[in-house]
Structures are given as structure tokens and as C-alpha cells.
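Asks: Next one to model:
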Amino acid sequence: MKRPLTPWIDGELLPARYGVYQRQHPAGVLYSRWSRYGWMFASVTAQGAARQTALSNAQHVPWRGLAEAPEGTAS
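Replies: The predicted model follows:
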């Protein structure tokens with residue numbers, strides 16, 4: 001079952017939680033990990049994005065995430 005996603009959010013606004021998000025890169029919709037350092041390099045898969053450790057040059061592109069907190073996390 002697919003989980004509902006938020007609408008696209010302006011890239012100038014930052015996520016409240018660390019984790020992997022979808023982002024609208026010039027190359028298309030990719031996945032990137034948001035960390036305390038900023039956005040990490042993009043990947044075509046969420047699993048690949050979760051492993052990225054290099055800071056991305058694209059820090060201000062639109063992004064979206066889960067519309068609901070994942071099970072087992074505080075909202």
C-alpha cells in the first residue's frame with residue numbers, strides 16, 4: 001500500500017525531521033536524505049539516498065515527504 005505524501009514544499013523551507021524525502025531535481029524526481037548538515041546527494045531509490053554521506057550542491061529544490069508520521073514514531 002502506498003503511503004500518502006505531502007504536496008510539494010518550497011525548497012527554501014526545511015524539513016522538521018531527518019530522513020529521506022522526494023525532491024524535484026532538474027533530472028526528475030529523486031530521493032535525498034535530509035540531515036543536520038543539509039541535503040545529501042540524490043539517488044534513484046530511497047535506500048540509496050539513505051546511504052549517501054556527501055553534501056548535495058542542490059540545497060533549495062522542492063521536496064515532499066510522508067503526509068503522516070511513520071508507525072512507531074511520535075507525530
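Asks: Give the other helices and strands that the strand or helix carrying Arg23 contacts.
Replies: Using DSSP states H and E, Arg23 maps to strand 19-25. The helices and strands touching strand 19-25, judged by 3 or more C-beta pairs under 8 Å, 6 or more residues apart in numbering; DSSP states H and E, are strand 28-35, helix 46-51, strand 63-64. For the C-beta atoms, the positions are set from N, CA and C on the backbone; glycine is no exception.
Asks: next helix or strand past the longest one?
Replies: Read in the C-terminal direction, the helix or strand following strand 28-35 is strand 38-39, with elements assigned using DSSP H and E.
Asks: how far does that following strand sit from the chain's center?
Replies: Distance, stretch centre to chain centre, for strand 38-39: 9 Å (C-alpha atoms, centre = their mean, to the nearest Å).
Asks: Take the helices and strands packed on strand 19-25 and lay them out in TSV including mean pLDDT.
Replies: Below are those laid out as TSV (pLDDT from 0 to 100):
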stretch	mean pLDDT
strand 28-35	96
helix 46-51	96
strand 63-64	97
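Asks: Dump the ones you listed to a markdown table, plus mean neighbour count and distance to Pro7.
Replies: What follows is the helices and strands packed on strand 19-25, written out as a markdown table (neighbours: other C-beta atoms under 10 Å; distance: least, C-beta to C-beta, whole Å):
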| stretch | mean neighbour count | distance to Pro7 |
| --- | --- | --- |
| strand 28-35 | 18 | 14 |
| helix 46-51 | 15 | 19 |
| strand 63-64 | 19 | 7 |
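Asks: picking up where we left off before, give me the mean pLDDT for the strand holding Arg23.
Replies: Averaging pLDDT along strand 19-25 yields 95.
Asks: in it, what's buried?
Replies: Neighbour counts using 16 or more other C-beta atoms under 10 Å place Val20, Tyr21, Gln22, Arg23 of strand 19-25 among the buried residues.
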